[in-house]
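J.: build me a model from this:
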Amino acid sequence: MPFSLPYYRDTGELPGPLPDQNEIAQATRTLPKRSDYGGRLVVIRDKFVVKYGPLVTENEGYALLFVEKRLNIAVPRLYAMYRDQDTLYRDQDILYIVMEYIPGISLGMAWPSLTEANKYSIVEQLRWRYHRLDFTAVSTKDPSPIDPIITGPFQTEEEFGKAIALRSKNIWSESNNHSVFSDYFIRHLPLALHNHPPMFTHGDLHRENVLVRKIVNSVTNEEEYEVAALVDWESAGWYPSYWEYAHIFPLLQWIDDWPAYVEKILDPLPLEGAMMWVVFSNMEF
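T.: Next up, the predicted model:
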């Protein structure tokens with residue numbers, strides 16, 4: 001869903017006046033960042049979240065609008081996206097993404113205190129949401145990438161595999177080194193990863209990217225948890241169907257039961273996951 005910047009949602013759909021640059025710069029309430037994009041993530045008036053920095057990309061804004069239009073999934077609504085210079089970053093041209101503030105805590109923070117029943121409930125809610133991504137991607141038959149400047153688009157899954165292999169080779173070449181793994185990837189990766197249809201992918205299923213909140217069951221009067229929103233859509237796009245699972249597999253920390261619960265959200269693909277583990281160990285994404 002490409003659009004030209006600056007983007008502003010209609011005033012009637014906003015919860016209040018958009019924050020100006022001064023209010024953003026002086027905001028003191030920050031949210032934790034799982035990825036390092038060299039910027040800030042601030043909350044303003046309990047109505048807006050502003051994400052900005054030199055490495056923030058338009059892809060997240062495209063993804064949020066796409067999900068809002070096509071999917072029945074709770075995500076922060078995009079209120080504005082524009083570029084402006086910022087003295088904090090030596091007057092660089094910085095991208096600002098102004099989103100809806102959704103109250104809640106990260107699933108990572110809540111997980112240690114959850115009962116088994118809580119965990120199963122949350123996992124079922126997440127599985128339904130990720131199934132919606134799969135279903136909609138196939139049914140709309142829209143092959144266009146969310147980010148128009150992303151490397152590609154690729155016509156086949158084999159081309160995507162070749163691109164991963166070439167990236168490994170380029171990373172090692174830039175450091176004036178050579179990796180035999182890069183040669184191995186070039187020979188085998190396009191053949192090892194095939195027969196996976198394209199689907200729209202969140203691309204970053206980590207507990208810190210899941211917001212949850214407590215609710216009271218109207219029937220049992222007991223406290224339960226519901227998924228408030230999926231956040232951090234900067235890595236979203238159209239990828240082979242293995243990508244959602246295989247992309248996070250190398251980053252899982254096998255210190256508790258979360259990896260086992262991931263398999264209840266996404267269909268496990270151990271071979272593809274193992275292959276990407278080797279790829280990740282060879283290069284940085």
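J.: separation between Arg207 and Pro268?
T.: 17 Å (CB to CB, to the nearest Å). C-betas here are computed from N, CA, C, even on glycine.
J.: and the nearest residue to Thr30 once chain neighbours are set aside, helix, strand or coil?
T.: Using CB to CB, 6 or more residues apart in numbering and skipping the chain neighbours, the partner closest in space to Thr30 is Val42 (5.4 Å). Classification of Val42 using DSSP: H, G, I helix; E, B strand; the rest coil returns strand.
J.: now do Tyr82
T.: Put simply, Tyr82 is strand when judged by three-state DSSP.
J.: how about the helices in this protein?
T.: Along the chain, counting by DSSP state H, helices occupy 21-26, 59-70, 107-110, 116-140, 157-174, 180-192, 243-248, 258-265, 270-282.
J.: next, the angle from the second one to helix 116-140.
T.: Going by axes from the mean of the first three to the mean of the last three CA atoms, to 10 degrees, helix 59-70 is angled at 80 degrees with respect to helix 116-140.
J.: ok, now the last one?
T.: For helix 270-282 and helix 116-140, the angle between their directions (the same axes, to 10 degrees) works out to 90 degrees.
J.: in helix 270-282, what's buried?
T.: 272-273, 275-276, 279, 282 (16 or more other CB atoms under 10 Å).
J.: packing partners of it?
T.: When contacts are defined as 3 or more CB pairs under 8 Å, 6 or more residues apart in numbering; DSSP states H and E, helix 270-282 sits against helix 157-174, helix 180-192, helix 243-248.
J.: ok, which of those helices comes nearest Glu116?
T.: helix 243-248 (22.5 Å; CB to CB).
J.: coming back round to it: what's the closest of the buried residues of helix 270-282 to Ala260?
T.: Closest approach between the buried residues of helix 270-282 and Ala260, by CB to CB: Gly273, at 13.6 Å.
J.: most tightly packed of the helices of the chain?
T.: Highest mean neighbour count among those (mean count of other CB atoms under 10 Å): helix 243-248, with a mean of 23.
J.: leaving out chain neighbours, which residue sits closest to Leu217?
T.: If you look again at residue 217, you'll see it is Asn, not Leu. Closest residue in space to Asn217, ignoring its immediate chain neighbours: Glu224 at 5.3 Å, by CB to CB, 6+ apart.
J.: what about that neighbour, how many residues nearby?
T.: 15 (other CB atoms under 10 Å).
J.: that one contacts Tyr120, correct?
T.: No: between Glu224 and Tyr120 there is no contact under CB atoms under 8 Å: 11.1 Å.
J.: before we move on, the earlier item: would you turn the helices and strands packed on helix 270-282 into CSV with distance to Tyr261?
T.: Shown next, in CSV, are the helices and strands packed on helix 270-282 (distance: least, CB to CB, whole Å):
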stretch, distance to Tyr261
helix 157-174, 27
helix 180-192, 27
helix 243-248, 12
